[in-house]
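> Just the structure for this:
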Amino acid sequence: MEVLSNMSGSVWKIVVNKGDKVSANQEVIILESMKMEIPITATSEGEVEEIIVNEGDFISDGDVILKLK
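Below is the predicted model:
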């Protein structure tokens, strides 16, 4: 399962690591947009298989930010 960005912004902080187990609605990445911090949450539970982005990257709405298995 892919976790997608729901808006454009810079990746401020990645709060999970590869192999971490996450639950639905758990924060996985925090974006910074217009000097505000916006959390991106997992849409379902699973294990972090791959983190696609790096801190500091600019991402757009709909970009894949990480994959769960």
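
> OK, contacts around the residue nearest to the spatial centre of the chain?
Note on the chain: the residue nearest the mean C-alpha position is Ile29, at 3.7 Å, using CA atoms, centre = their mean. By CB atoms under 8 Å, 6 or more residues apart in numbering, the contact list for Ile29 reads Val11, Lys13, Ile14, Val15, Val16, Pro39, Ile40, Val53, Ile65, Leu66. For glycine as for every other residue, the C-beta is placed from the backbone atoms N, C-alpha and C.

> Show me those that map onto strands.
Residues of the contacts of Ile29 located in strands (DSSP state E): Val11, Lys13, Ile14, Pro39, Ile40, Ile65, Leu66.

> ok, back up a step: buried ones from the contacts of Ile29, can you make that a PyMOL selection?
Buried members of those, defined by 16 or more other CB atoms under 10 Å, are picked up in PyMOL with:
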select buried, resi 11+14+16+40+53+65+66
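
> From the contacts of Ile29, pick the one nearest Gly46.
Leu66 (10.0 Å; CB to CB).

> thinking again about what came up before, so which bits of the host helix or strand of the residue nearest to the centre of the chain are buried?
Element membership for Ile29, per DSSP states H and E: strand 27-33. Under the neighbour-count criterion of 16+ other CB under 10 Å, strand 27-33 has Val28, Ile29, Ile30, Leu31 buried.

> coming back round to it: which two in the contacts of Ile29 are spaced the farthest apart?
Pro39 and Val53 (14.3 Å).

> re the thing from before, mind putting the buried residues of strand 27-33 in CSV, pLDDT and distance to Glu45 included?
Output for those, formatted as CSV (pLDDT from 0 to 100; distance: CB to CB, whole Å):
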residue, pLDDT, distance to Glu45
Val28, 97, 12
Ile29, 96, 16
Ile30, 97, 20
Leu31, 95, 22
